[in-house]
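> Build me a model from this:
(3 chains)
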Amino acid sequence: MKEYDKIIFELSRPGRKGYQLPADRFGSDAFSKLPADLLREKPAELPEVSELEVVRHYTNLSNKNFGVDTGFYPLGSCTMKYNPKINEEVAAMPEFAGLHPLQDPATAQGALELYWNLQNALASLAGLAEFTLNPYAGAHGELTGLMVMRQYHISRGDTKRTKVIVPDTAHGTNPASAMVAGLEVVEVKSKPNGSIDVEDLKPLLDDSVAGIMMTNPNTLGMFETEILEIAKLVHEAGGLLYYDGANLNPLLGKVRPGDMGFDIMHINLHKTFSTPHGGGGPGSGPVGVASHLTHLLPNPRVVKKEDGTFAVETSDDALGSISTFFGNFGVMMKAYAYILSLGRDGIREVGPMATLNANYIKESLRDLYKLPVEGPCKHEFVFDGLADKSTGVTTLNVAKRLLDFGFHAPTIYFPLLFHESMMIEPTETESRETLDEFIDVMRRVAREAAEDPDTVKAAPLTTPISHPDETGAAKNPILTYKALRDA
Amino acid sequence: MSILKEDLRYAESHEWVKIEGDIATVGITDYAQHALGDIVYVDMPEVGDEVTAGEEFGAVESVKAASDLISPVSGEVVEINEDLEDAPEKINADAYGAWIMKVKVADAGEVDALLDAAAYAKLCENE
Amino acid sequence: MQLLTLSFAKMSNRYIPHTPEDVAHMLGRIGVGSVDDLYSDVPSEVIFKDEYAIPESMSEEELRRWFRDLAKRNRQLTVFAGGGAYDHYSPSVIPQLLLRSEFYTAYTPYQPEISQGTLQYIFEYQSMISELTGLEATNASMYDGATAAAEAAFMMVASARKRNRVLVSETLLPRVKDVIMTYAKFHGIDITMIPERDGVTDLSAVPALLESGDVAGVIVPQPNRYGIIEDFAGLAEMVHAAKALLTMYADPSTLAVLRSPAEWGADIACGDGQSLGMPLQFGGPYLGFMSCSKAQLRKMPGRVVGATKDASGKRCFVLTLQAREQHIRREKATSNICSNQSLMALYATIYMALMGDGGLREVNRLSCDGAHSLCEKLIATGKFTLAFDKPFLKEFTLRTDLDVEKLNKRLAEEGFMGGIPAGPGLVSFAVTEKRTPEEIERFVSLISQE
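Reported below is the predicted structural model:
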């Protein structure tokens, strides 16, 4: 197939158009009477293209992309599971798509009921009292959850609690969210297996600590076996426990964060609850809290009244508002469709099968890739590059070579604990045959690295582009078509 | 192996300082530029800014890393190396030639606390 | 293993492909006896053994029916309101292209070799939004308009180094102000409101507020919460003379005709992309957009795509300036944003490509003429007066003695969404190009019967 390399602006011809609007129906001259000094001087130079040209252009662009529907996507910490099609169908229903967020709640009972049902389902699955669905993404959930944490201490007059403990292996959003929420980050060290060093934690727990942010399983995919001890220590010191739901998938149907002692958490609906990642978003990051914190959740809140109808409320106790309306409502519809499809029994298989898949890959490759931590992993695990370090083939090379075989690359160079980290997360939706193919290719690449390292280092060899100049892009940023044209 | 210059003083945070009268010229070491890789941007202070020893005065960025610049001396910035605005890669080519800022030092004694070349070489070895 | 074996017997889950033979084979390779053994490191007291409070599994047809029943409890109304969400026309091309699963099932484009589709549409999005705002750089999107405005406040403070105050106009949408206030309260930024006078930002109050010397930036809306197109002549000069920055919170659809943020002298533009034809969808997903001048680029939050070349000299696109972002800067980043609203940026891109400058101008002209028609007719009922004698496009605010909430309930019964309360005795209406003269006639006649 011919390679497509046009930018939409390059298709533009003066006078061509891709829209048809109604003719002038008001016979009004209001628009033409607007004061000239409030109008723009220089027209925006947008493309002028026909409808078919637009359709072909974006269809051709889609062919240069790789999604879960294209092939296996073992991207660690991202939970790239299948995105069911029925979810898209229900989310597009006009009775929801056409709802204005400010219309009278009496006329939006279906939407409010969906919000209410989803928040309750999540509460039951997480072992917490109440969820807000307003946060737009995982990092937004972290920020909202940390605001709950701070507001809790402030509302009790305990204003000196301004520090939050974050493991040194945490995802970058954890410390960044803490900074945005006005909290000071204190790092707690990890043991070589990636779990929190309880002895290092103890001296940090004074009366300036607002709480701790953790994932469980941790960044290496290993369960934090001392979680009950950690929860006890943090609570005794007057702090709260925040659960980063990025790694919730292996616990779904098995372990509830609330039962481990967590007070606050966020869930990534676009990871655990099958909603698509959309090339970077929209996601959704609901935040759940234990019963002593529900009054602090952000405005607006959806409540069920005694007569069984649903209402929208705002409260002065709340931490404030963190979204214009109710968050990414369309994403919530997809997540709830997923929950209803699996049902209360089906959902119990999610975590265990995700864990089974991860362990299967790990045990099938550990002779050729360096496994730094022993023991059963949960939904994901980390290799520290190839076992044979003499070939000069790096994790980056292996990742790029996988693209040639039709697989997405794992997450690479995270966590920072190892120099050649390669983080693999298969999810429960992949079949044994897919995993076997992936294992075969990983073994083949390891063999290639020994026999023909130059091929692996030159990879990818079959993708639309290869080895883009990222240094040049950062040094001399070209961020618009105009800048590119004039460069 | 990274290059060292005997006549410079070094901070543990990998900046070098050259003292001439009451003017301190500051840059990052060859070891630091190696560790960062291709430098794509230098966030420099403005002339007239007050900098403090041990505190941040800017940052250097490569494609996938960023590192704060920590001032080894206190005083007023009297000059910045404007060449780096368009050609930050000069630091990769010659870390000791591509200085970042010149500071009129308030307390020359601060410089005595910095490492000499031998001590800095040892620090790098242990990293 | 008992529980697992049992549930396998009745397992009919099409999203999990494991047969009992697969499970047995995989457990054998791993060298454990059961899937439960993979959880042997989990303290038994935290293993969940009760029932979840969620319904039983539904077949696809049962699920459809469930959602159809739920949908009946929503009333689809003919919308005459805005308040930050507008019922503009959406071309049928867009949802169909968004269902290309190569787009929507992809992750963030961290592997540029197999993500040129995403990277290029973001580049096109950045280019088009920059055309509308007139500012050189645009990021790949924020969550919504309100969070983009809060991040703009952070960005101005980060840029100004030691100054920590942001002036915010009272004429911003109330919900946008609320989010800015929440973010500022926790982050530790001081906010001072610029008072409103006669429906617009009181520019005469600004010089005194700037005198405090700690002002990092100023945020003003265009159009404002009442739909008024404000006149900001002289504001940018005033703000820049005080070494502060200017952010304009704008409606991107209107920017095709209104003086652009860059033409007003703004350093940053942000707002909500919903007006670019996005479905109302009960408040989301929409997108927040943000543009800035070249000088502010390194302080801008969010992902940014740049053009470059690959090893063979082919033009291509990559995520760039990543050293600003949370995954590298961690607690030193200016923002924690990671996931954005990428697919909605594709929505906006296709919309802008289809409409072009001409289509967007047409949308504004039709909306403006419709809004003025409604405005005149409502005043003619004798129940409303013009709240402010100021220019407006698609949204306007009237003064009335009617009980707006009661009126809206009556209108809803007849299938209309009425105006939004905009303060004591004030109500804001919006008209888009979708509203016909007949709908306006009917809407006005219902109101005149009150």
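
> Which strand or helix spans the closest residue to B:Tyr31 other than its chain neighbours?
Nearest residue to B:Tyr31, sequence neighbours excluded (Cβ to Cβ, 6 or more residues apart in numbering or on different chains): B:Ser2, at 4.1 Å. Every C-beta, even on glycine, is put in place using the N, C-alpha and C of the backbone. Here B:Ser2 is covered by no helix or strand, with elements defined by DSSP states H and E.

> same thing with the one 4 residues further on?
When secondary structure is defined by DSSP H and E, B:Glu6 falls outside every helix and strand.

> got a list of what the residue nearest to B:Tyr31 touches?
By Cβ atoms under 8 Å, 6 or more residues apart in numbering or on different chains, the residues touching B:Ser2 are B:29-31, B:34, B:124.

> at 6 Å what do you get?
B:30-31, B:34 (Cβ atoms under 6 Å, 6 or more residues apart in numbering or on different chains).

> Could you chop the chain up by domain?
In the absence of a named chain, this looks at chain A. According to automatic domain parsing, chain A comprises the domains A:8-62, A:87-347, A:349-470.

> look at chain C instead
Split by automatic domain parsing, chain C gives C:1-67, C:78-87+C:357-448, C:93-351.

> per-residue pLDDT, C:Leu6?
With respect to pLDDT, C:Leu6 scores 41.

> Give me the phi and psi for A:His100.
phi -80, psi 130 (degrees, to the nearest 10).

> same question, C:Thr247
Torsion angles, degrees, to the nearest 10, at C:Thr247: phi -110, psi 130.

> ok, it - contacts?
Taking Cβ under 6 Å, 6+ apart as the test, what C:Thr247 contacts is C:152, C:219, C:268.

> switch to 10 Å and redo it
Neighbour list for C:Thr247: C:148-149, C:151-153, C:155-156, C:166, C:168, C:217-221, C:239, C:261, C:266-271, C:290, C:292, C:296 [criterion: Cβ atoms under 10 Å, 6 or more residues apart in numbering or on different chains].

> how near is it to chain B?
Noted for C:Thr247: a distance of 21 Å to chain B, by Cβ to the nearest Cβ, to the nearest Å.

> How much space separates that residue from chain A?
17 Å.

> still on that earlier bit, nearest to C:Glu136 among the contacts of B:Ser2?
Among those, B:His34 lies closest to C:Glu136 (Cβ to Cβ), at 33.1 Å.

> which is the next helix or strand following the top helix by length along chain A?
Under DSSP state H, the helix in chain A containing the largest number of residues is helix A:432-451. Under the assignment DSSP H and E, the closest C-terminal helix or strand after helix A:432-451 is helix A:453-458.

> touching chain B at all, that next one?
No. On the criterion Cβ under 10 Å from any Cβ of the partner chain, helix A:453-458 is out of touch with chain B, staying 17.3 Å away.

> Show me which residues of that helix are buried.
A:455-458 (16 or more other Cβ atoms under 10 Å in any protein chain shown).

> Please compute how far the least confident helix or strand in chain B by mean pLDDT lies from its chain's middle.
Between all helices and strands in chain B, the lowest mean by mean pLDDT, DSSP states H and E belongs to helix B:109-112, at a mean of 82. Its chain's C-alpha centre and that of helix B:109-112 lie 15 Å apart, by Cα atoms, centre = their mean, to the nearest Å.

> again with stretch A:16-23
That offset, for stretch A:16-23, works out to 38 Å (Cα atoms, centre = their mean).

> Report the beta-bridge partners for the residue nearest the centre of chain B.
By Cα atoms, centre = their mean, chain B has its centre lying nearest to B:Gly27, at 2.6 Å. Applying DSSP bridges to B:Gly27 gives these bridge partners: B:Trp16.

> Do I have it right that it meets B:Ala98?
Yes. Contact criterion Cβ atoms under 10 Å: B:Gly27 and B:Ala98 qualify, at 6.2 Å.

> Is stretch A:33-43 positioned near chain C?
Yes. Applying Cβ under 10 Å from any Cβ, one finds stretch A:33-43 touching chain C at A:33-43.

> follow-up on the earlier one: list the buried residues of the least confident helix or strand of chain B.
Applying 16+ other Cβ under 10 Å to helix B:109-112 flags B:110-111 as buried.

> For that helix, enumerate the helices and strands it packs against.
Under the contact criterion of 3 or more Cβ pairs under 10 Å, 6 or more residues apart in numbering or on different chains; DSSP states H and E, helix B:109-112 touches strand B:9-10, strand B:15-20.

> if we can go back for a sec, residues that sit against both of B:Gly27 and B:Ala98, list them.
B:33, B:81, B:84, B:91.

> Determine which two of those are furthest apart.
Once Cβ to Cβ is applied, those give B:Gln33 and B:Asn81 as the farthest pair, at 14.2 Å.

> Give me the neighbour count for B:Leu4.
18 (other Cβ atoms under 10 Å in any protein chain shown).

> what comes into contact with the least confident helix or strand of chain B?
Under Cβ under 10 Å, 6+ apart, the answer for helix B:109-112 is B:9, B:17-19, B:24, B:52-54, B:71-75, B:105.

> Would you mind listing what in chain C touches chain B?
So far as Cβ under 10 Å from any Cβ goes, chain C lies against chain B at C:161, C:297-299, C:318-325, C:327-330, C:332-333.

> Just the buried ones from those residues?
C:297-299, C:318-325, C:327-330, C:332-333.

> Among those, which lie within helices?
Going by DSSP H, the helices hold C:327-329 from these.

> ok, those residues vs A:Glu470, which is closest?
Using Cβ to Cβ, those come closest to A:Glu470 at C:Ile328, 13.3 Å.

> which stretches of chain B form strands?
B:9-10, B:15-20, B:23-28, B:39-43, B:50-51, B:56-62, B:65-70, B:75-80, B:101-105 (DSSP state E).

> Give me the contact status of the last one with chain C.
No. Judged by Cβ under 10 Å from any Cβ, strand B:101-105 makes no contact with chain C; its nearest approach is 15.5 Å.

> Next, the angle from that strand to strand B:15-20.
Strand B:101-105 runs at 60 degrees relative to strand B:15-20, counting by axes from the mean of the first three to the mean of the last three Cα atoms, to 10 degrees.

> Could you give the average pLDDT over the lengthiest helix in chain B?
Longest helix in chain B, counting residues (DSSP H): helix B:117-126. Helix B:117-126 shows a mean pLDDT of 88.

> just stretch A:2-9 next, same as before
For stretch A:2-9, the per-residue pLDDT averages 92.

> hmm, back to that, how about the contacts of helix B:109-112 in TSV, adding distance to chain A and pLDDT?
Formatted as TSV, the contacts of helix B:109-112 follow (distance: Cβ to the nearest Cβ, whole Å; pLDDT from 0 to 100):
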residue	distance to chain A	pLDDT
B:Arg9	30	92
B:Val17	27	94
B:Lys18	27	93
B:Ile19	32	90
B:Ala24	28	93
B:Thr52	20	92
B:Ala53	22	91
B:Gly54	18	90
B:Ser71	22	93
B:Pro72	25	92
B:Val73	27	93
B:Ser74	24	93
B:Gly75	28	93
B:Val105	31	91
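
> which of those lies closest to chain C?
B:Thr52 (12.8 Å; Cβ to the nearest Cβ).

> can you tell me which residues contact the nearest residue to that closest one once chain neighbours are set aside?
Once flanking residues are discounted, B:Thr52 sits nearest to B:Ser74: 4.9 Å by Cβ to Cβ, 6+ apart. Counting by Cβ under 10 Å, 6+ apart, B:Ser74 touches B:24, B:50-55, B:103, B:105-107, B:110.

> follow-up on the earlier one: pick the most deeply packed of the helices and strands packed on helix B:109-112.
Most buried of those, by mean neighbour count (mean count of other Cβ atoms under 10 Å in any protein chain shown): strand B:9-10, with a mean of 24.

> next one: that one to chain centre, how far?
Between the centre of strand B:9-10 and the centre of its chain there are 9 Å (Cα atoms, centre = their mean).
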